[in-house]
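Enquirer: just a sequence and a predicted model for now, questions to come.
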Amino acid sequence: MSRVYQERAIDRHFAAFICHQATGRVSELFRLVVSLASSAVGQGSSCLNLQDIAEESIVIENKEFRLPRLDALMELLKSATVVSFPGGHFRPLVLDATGRLYLYRYWHYEQELQRTILRKAGAAFDNIDETILLDALERLFPSSGRRESDRQKDATVFALRRQFCVLSGAPGTGKTSTVVRILALLREQKWGMKQRIAMAAPTGKAAARLKTSISDIKRTLDCSDEVKSAIPDDVVTIHRLLGTISGSSRFRHSASNPLPFDTVIIDEASMVALPLMSLLVTALKADARLILLGDHNQLASVEAGSVFGDICSAGSDNNASPLSNSMVLLEKNYRFHPGSGIAEISRAVNEGLEREAVSLLKRSRSSGVTWQELPAPEELQHALANKAVEGFHSYLDAASPAEALERFDRFRILCALRDGPYGVSGLNRTVENILARKALISPASTFYRGRPLMITVNNYAMRLFNGDTGILFPDPENGGSLRAFFFAPDGEIRSIAPERLPQHETAFAITIHKSQGSEFDRLLMLLPPIDSEILTRELIYTGITRAKESVEIWANEEVFCAAVKKQTKRSSGLHF
Ligand SMILES: Nc1ncnc2c1ncn2[C@@H]1O[C@H](COP(=O)(O)OP(=O)(O)OP(=O)(O)O)[C@@H](O)[C@H]1O
């Protein structure tokens with residue numbers, strides 16, 4: 001069967017540019033393969049695996065190409081003057097021996113990342129005082145005889161003894177609790193108080209959440225006040241950690257100007273794309289300890305790469321991998337009691353058991369999950385009316401900006417798409433209509449009291465980043481004039497005049513992609529009525545696991561089931 005290839009302008013221009021660089025005549029087939037390589041990166045892969053297109057029939061602008069066998073495709077590429085091989089001279093494309101075709105930049109990022117991680121995974125610290133360590137382990141993980149808390153202990157030991165450690169688990173499996181104990185154990189070592197420790201997350205929101213959790217958890221630890229107060233809880237964004245340079249995409253810290261930290265902890269690591277992760281690990285000191293926290297079942301990064309997933313697969317599937325001693329999977333959920341709807345459904349979704357997930361959804365009304373058949377577009381406003389008023393009135397009634405921001409996280413609408421009645425734009429309009437009818441908001445102008453908004457670009461000068469969420473609210477300190485309030489990563493509140501806001505959009509409803517790194521008490525998740533590539537198991541799982549108390553899903557059963565069956569496939573050459 002033929003595959004229709006809808007070529008994006010960016011891929012067409014890239015292919016044209018590369019063909020222009022090549023000496024000699026290049027075939028139309030070569031141009032197509034280069035365009036497909038660029039498109040693969042656009043879809044999240046770090047390379048184009050030629051095995052996936054060999055012998056395929058691809059239709060582009062009504063012209064059909066029958067692609068040759070893998071060996072013939074590789075020959076075609078090797079003969080081009082713009083294609084190099086690993087270890088060869090710089091050329092814009094790199095083809096490896098197994099048929100992965102890279103844009104040079106991504107090949108370089110992968111090589112640097114893989115080399116650094118493998119080196120760290122093989123490096124152990126020889127300065128650990130085992131007596132202190134074992135004593136502290138007994139105290140900080142009181143023996144419960146449960147395998148899961150043993151896993152948290154294993155992770156702690158790995159993290160202390162080795163330069164590289166990965167902890168993966170769903171929300172509520174104790175990743176933060178474990179990391180706080182790791183920090184306590186580090187501080188209790190004789191040299192521990194001198195350790196320079198940094199913690200970072202991909203978004204300001206995730207950084208703020210980690211900071212709050214660490215502050216809460218460290219108070220409960222069985223250790224001295226001196227150690228408690230030496231456990232840092234300052235969490236920054238990864239961009240801030242690396243030091244952005246105004247007007248440049250480069251960072252201040254790199255291999256030639258390494259970060260000054262002995263231990264670096266990265267939360268929500270599944271959200272970190274290949275380029276940023278590569279720049280981060282290569283900017284570490286040669287003997288720095290790196291601890292990655294995340295959930296490998298979640299959506300991969302928006303940009304190219306599936307670094308955290310690739311690391312976790314290598315570490316958990318293959319005992320011979322050097323990463324198998326660096327990797328711990330946490331499976332027991334301490335936040336949701338066994339039998340909780342959210343825990344059960346996310347398990348079924350993760351295991352690809354779509355029918356079981358639907359039947360759990362349909363019958364577990366009492367345990368925090370609810371299912372409703374998707375209303376038709378013309379019924380949406382009516383169907384959403386009570387939900388929207390119930391979910392949003394409390395923050396709109398708040399007495400102060402801080403209270404509004406805090407209350408706004410109690411409820412959110414998540415959707416898969418951007419456009420259409422079931423996408424971000426349509427749902428935000430619908431919610432605005434509902435709340436306006438109830439006189440809860442007056443959206444006569446763009447900037448109205450209570451408008452929630454999400455920043456959609458990175459603005460380093462204003463310290464506002466893609467995904468940051470704020471609310472327009474009267475400023476009590478400024479005569480009640482309307483300002484946009486945001487939680488800064490340090491938990492403080494900052495405000496900005498609405499006219500100065502960088503690009504943003506209304507945020508009663510947000511995409512599941514943009515919800516990564518956030519958690520809400522209650523959620524309403526709507527899927528579109530027609531299946532699409534974007535609907536995958538990882539998307540559904542990520543959406544459901546954003547809820548702390550309850551989740552309601554509005555969807556058509558076939559669309560939900562098709563999504564749960566579909567796993568994201570990203571090509572990458574990372575090999576550990
Ligand atoms: N071994 C344990 N025994 C009992 N309770 C635990 C254990 N580990 C964690 N918890 C509790 O489980 C809850 C969730 O823990 P924690 O916040 O560390 O999870 P998390 O994986 O970091 O979640 P999130 O990703 O949402 O931040 C907390 O209330 C914590 O006190």
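Expert: Now that the structure is in, tell me what you want to look at.
Enquirer: ok, then the element right after the helix or strand bottoming out on mean pLDDT in the chain?
Expert: The helix or strand of the chain with the poorest confidence is helix 147-161; it has a mean of 83 (mean pLDDT, DSSP states H and E). Using DSSP states H and E, the helix or strand that follows helix 147-161 in sequence is strand 164-169.
Enquirer: so what angle separates the directions of that following strand and helix 147-161?
Expert: Using axes from the mean of the first three to the mean of the last three C-alpha atoms, to 10 degrees, the inter-axis angle of strand 164-169 relative to helix 147-161 is 160 degrees.
Enquirer: and strand 164-169, what other elements does it pack with?
Expert: Counting contacts by 3 or more C-beta pairs under 8 Å, 6 or more residues apart in numbering; DSSP states H and E, strand 164-169 packs against helix 104-121, helix 147-161, helix 175-188, strand 289-294, helix 307-317, strand 327-330. Heads up, the C-betas are built off the backbone N, CA and C, glycines and all.
Enquirer: just send the ones you listed back as TSV, with mean neighbour count and distance to residue 550 too.
Expert: Putting the helices and strands packed on strand 164-169 into TSV (neighbours: other C-beta atoms under 10 Å; distance: least, C-beta to C-beta, whole Å) gives the following:
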stretch	mean neighbour count	distance to residue 550
helix 104-121	20	38
helix 147-161	20	25
helix 175-188	25	22
strand 289-294	25	24
helix 307-317	23	28
strand 327-330	22	23
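Enquirer: TSV for the ones you listed, including distance to residue 18?
Expert: Formatted as TSV, the helices and strands packed on strand 164-169 follow (distance: least, C-beta to C-beta, whole Å):
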stretch	distance to residue 18
helix 104-121	11
helix 147-161	43
helix 175-188	42
strand 289-294	34
helix 307-317	26
strand 327-330	38
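Enquirer: and residue 259, which of these is closest to it?
Expert: strand 289-294 (10.5 Å; C-beta to C-beta).
Enquirer: quick one: average pLDDT of that closest one?
Expert: Averaging pLDDT along strand 289-294 gives 97.
Enquirer: what of stretch 508-525?
Expert: 93.
Enquirer: what bits of the stretch 51-200 of the chain have low per-residue confidence?
Expert: Where the stretch 51-200 of the chain drops to pLDDT under 70, the residues are 143-149.
Enquirer: up against the ligand, what does it have?
Expert: 149, 152, 169, 171, 172, 173, 174, 175, 176, 177 (C-beta under 6 Å from any ligand atom).
Enquirer: can you tell me which of those lies closest to residue 421?
Expert: Distances from residue 421 to these, taken by C-beta to C-beta, are shortest for residue 171, at 29.9 Å.
Enquirer: for residue 323, what are its contacts?
Expert: 117, 121, 164, 166, 311, 314, 315, 576 (C-beta atoms under 8 Å, 6 or more residues apart in numbering).
Enquirer: and for the closest residue to the ligand within the stretch 401-550 of the chain, the neighbour number?
Expert: Closest residue of the stretch 401-550 of the chain to the ligand, C-beta to the nearest ligand atom: residue 519 (5.9 Å). Using other C-beta atoms under 10 Å, the number of residues around residue 519 comes to 19.
Enquirer: list the contacts for it?
Expert: With contacts taken as C-beta under 8 Å, 6+ apart, residue 519 has the following neighbours: 171, 209, 409, 546, 547, 548.
Enquirer: what separates it from residue 295, distance-wise?
Expert: 12 Å (C-beta to C-beta, to the nearest Å).
Enquirer: same for the least confident helix or strand of the chain, what does it pack against?
Expert: So helix 147-161, by 3+ C-beta pairs under 8 Å, 6+ apart, packs with helix 130-140, strand 164-169, helix 175-188, strand 327-330.
Enquirer: with distance to residue 374 added, can I get the ones you listed in JSON lines?
Expert: Putting these into JSON lines (distance: least, C-beta to C-beta, whole Å) gives the following:
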{"stretch": "helix 130-140", "distance to residue 374": "47"}
{"stretch": "strand 164-169", "distance to residue 374": "31"}
{"stretch": "helix 175-188", "distance to residue 374": "34"}
{"stretch": "strand 327-330", "distance to residue 374": "34"}
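Enquirer: residues contacting the residue most central in space within the chain?
Expert: For the chain, residue 271 is the residue whose C-alpha lies nearest the centre (C-alpha atoms, centre = their mean; 2.3 Å). By C-beta under 8 Å, 6+ apart, the contact list for residue 271 reads 202, 203, 206, 294, 298, 301, 302, 516, 517.
Enquirer: of the residues you listed, closest to residue 524?
Expert: residue 516 (17.4 Å).
Enquirer: which residues are in contact with stretch 443-461?
Expert: 239, 244, 246, 395-396, 404, 408, 432, 435-436, 440-442, 464-474, 482, 484, 498, 501-508, 510, 514.
Enquirer: ok, now stretch 285-296?
Expert: Outside stretch 285-296, the residues touching it (C-beta under 8 Å, 6+ apart) are 120, 123, 125, 159, 162-171, 175-176, 179, 182, 258-271, 281, 284, 308-309, 311-313, 545.
Enquirer: now those residues: which count as buried?
Expert: Among those, the ones that count as buried by 16 or more other C-beta atoms under 10 Å are 120, 159, 162-171, 175-176, 179, 182, 259, 261-271, 281, 284, 308-309, 311-313, 545.
Enquirer: tell me, how many residues neighbour residue 339?
Expert: Per other C-beta under 10 Å, the neighbour tally for residue 339 reads 9.
Enquirer: wait, I meant residue 542
Expert: 24.
Enquirer: tell me what the lengthiest strand in the chain is packed against?
Expert: For the chain, the longest strand by residue count, based on DSSP state E, is strand 547-555. In this structure, strand 547-555 makes packing contacts with helix 341-350, strand 369-373, strand 520-526, helix 537-544, judged by 3+ C-beta pairs under 8 Å, 6+ apart.
Enquirer: what average pLDDT does the shortest one get?
Expert: Looking back up the chat, that one is strand 369-373. Here the average pLDDT along strand 369-373 is 92.
Enquirer: paired strands for it, with orientation please.
Expert: In the sheet, strand 369-373 lines up against strand 547-555 (parallel) (DSSP bridges).
Enquirer: what does the partner strand contact?
Expert: So strand 547-555 is contacted by 171, 335, 341-342, 345, 361, 368-375, 383, 387, 519-527, 543-544, 560 (C-beta under 8 Å, 6+ apart).
Enquirer: with stretch 111-126 instead?
Expert: 86, 160-164, 274, 277-278, 281-282, 284, 287, 289-290, 307, 311, 322-323, 325-326, 574-576.
Enquirer: a helix runs through residue 413, doesn't it?
Expert: No - counting by DSSP: H, G, I helix; E, B strand; the rest coil, residue 413 is not found in a helix; it is strand.
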